[in-house]
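> below: sequence and its predicted model.
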Amino acid sequence: MFVNNNKNVGDSTMRTRITLTPVLFLLIALPAAAEERVISSLGRLEPENGVVELAGPSGSGFTGAVLKTLEVAEGEWVEEDQVIARLDSYALRTAEVQRLNAILANAKSELERQEDLSITSATSRAMLDEARMEVDIAVADLAAARANLELAVVRSPVRAQVLEIHAYPGERVGPEGIMELGRTDRMYAVAEVYETDITQVEVGQRATVQVPAMETDLTGKVERIALKVGRLDAIGTDPIAKTDARVVEVFILLDDSDAVSRFTNMQVKVEIHP
């Protein structure tokens, strides 16, 4: 009787172990699977380093400058330091540069005459010094005039495409600036990832981007993760979405930038894969 009871206890223990083993396996496997889940978020398309809002020159002593000429059109590519517009003060400042060039040439001529006279002691030391000072002053005045002239010229700070023009010849430059530029040959999907998910995102991860204007999805790679948390900017159509959610921007360089070069600021759906 004693032997039979022990046998029953042993059978019961064995059955319990067999029953618990699959449960323990699931409890161990579930956290690992959760860590490798796809991170989904809304986002937007933008060129490398975002859109450049080109303003008028600063420190020019006037408010609301008026454009005189515009050298580019929407859709064109411009090179770094290329002249893309001139303000209405350009002609006046050009004339000032020419006037000071003439003054400098005259001052240099007088200095040469005084130096020749000094060889034969036909002039005084004071007159020679004065001639040299006049040359120095003319050089400084000309440099200042050229700097003022440059303030009437608008140049592109980067090689980029003209996305939108805000001011045309005859119009004043408003708060929105003269035009918007963007490096559309390198397009990014900027995903707004919830702060609770950002620890699962790393540089180098692959991503899939759904673009409303395209039938096929795009692919890309996480290139950069922002260093601060901000408010949600891309709002979807879900009426119960958390519009005050805190997110971190993740910059995904697209493999095919040409396909979306015309879609700056378009809202997209992003999936970042583990």
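Yep, it's here.

> how about the helices in the stretch 101-250 of the chain?
125-150 (DSSP state H, counting those that start in this stretch).

> got any ranges where it has weak pLDDT?
Within the stretch 101-250 of the chain, the segments meeting pLDDT under 70 span 233-244.

> what helices and strands are in contact with the host helix or strand of residue 91?
Residue 91 is located in helix 90-119, with elements delineated by DSSP states H and E. The contact analysis (3 or more C-beta pairs under 8 Å, 6 or more residues apart in numbering; DSSP states H and E) places helix 90-119 against strand 67-70, helix 125-150. C-beta here means a position set from N, CA and C on the backbone, and glycine is covered the same way.

> swap in 10 Å and give it another go.
strand 67-70, helix 125-150, strand 153-155 (3 or more C-beta pairs under 10 Å, 6 or more residues apart in numbering; DSSP states H and E).

> would you list those in TSV and tack on distance to residue 81 and mean neighbour count?
As requested, these are arranged in TSV below (distance: least, C-beta to C-beta, whole Å; neighbours: other C-beta atoms under 10 Å):
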stretch	distance to residue 81	mean neighbour count
strand 67-70	17	17
helix 125-150	11	15
strand 153-155	5	18
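
> redo the ones you listed as JSON lines? Include distance to residue 106.
Below are the helices and strands packed on helix 90-119 laid out as JSON lines (distance: least, C-beta to C-beta, whole Å):
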{"stretch": "strand 67-70", "distance to residue 106": "30"}
{"stretch": "helix 125-150", "distance to residue 106": "8"}
{"stretch": "strand 153-155", "distance to residue 106": "27"}
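
> still on that earlier bit, quick one: buried residues of the helix holding residue 91?
Neighbour-count burial for helix 90-119, with 16 or more other C-beta atoms under 10 Å as criterion, is recorded at 90, 93, 96-97, 100, 104, 107, 110-111, 114.

> not counting its neighbours along the chain, what's nearest residue 132?
Sequence neighbours aside, residue 111 is the residue nearest to residue 132 in space, at 6.0 Å (criterion: C-beta to C-beta, 6 or more residues apart in numbering).

> residue 199: which of the buried residues of helix 90-119 is nearest?
Sorting the buried residues of helix 90-119 by how near they are to residue 199, with C-beta to C-beta, puts residue 90 at the top with 54.2 Å.

> quick check: closest non-adjacent residue to the closest one.
The spatially closest residue to residue 90, leaving aside those adjacent along the chain, is residue 152, at 4.1 Å (C-beta to C-beta, 6+ apart).

> spatially central residue in this protein, please.
Residue closest to the average C-alpha location in the chain (C-alpha atoms, centre = their mean): residue 49, at 2.2 Å.

> show me the contacts for that one.
With contacts defined as C-beta atoms under 10 Å, 6 or more residues apart in numbering, the neighbours of residue 49 are 158, 160, 182-183, 186, 188, 251.

> please produce TSV containing the residues you listed, extended by distance to residue 81.
Listed next are the contacts of residue 49 as TSV, based on distance: C-beta to C-beta, whole Å:
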residue	distance to residue 81
158	9
160	12
182	17
183	15
186	20
188	25
251	27
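
> please flag which of the residues you listed sit within strands.
Counting by DSSP state E, the members of the contacts of residue 49 that fall within strands are 160, 182-183, 186, 188, 251.

> residue 169 is nearest to which of the helices and strands packed on helix 90-119?
Taking C-beta to C-beta as the criterion, residue 169 comes closest to strand 67-70 out of the helices and strands packed on helix 90-119, the separation being 5.0 Å.

> neighbouring strands - and their directions - for that closest one?
Each strand that strand 67-70 pairs with, and the sense of that pairing, follows from DSSP bridges: strand 83-87 (antiparallel).

> ok, now which ones touch residue 191?
Residue 191 makes contact with 39-44, 201, 207, 209, 220, 222, 225, 234, 247-252, 268-272 under the criterion C-beta under 10 Å, 6+ apart.

> are any of those buried, and if so which?
Applying the neighbour count, that is 16+ other C-beta under 10 Å, the buried entries in these are 39, 41-44, 201, 207, 209, 220, 222, 234, 247-252, 268-270, 272.

> hmm, back to that, how about the helices and strands packed on helix 90-119, which one is nearest residue 214?
Set against residue 214 and scored by C-beta to C-beta, those come closest in strand 67-70, at 32.8 Å.

> if anything else comes up later, I'll come back, but that's it for now.
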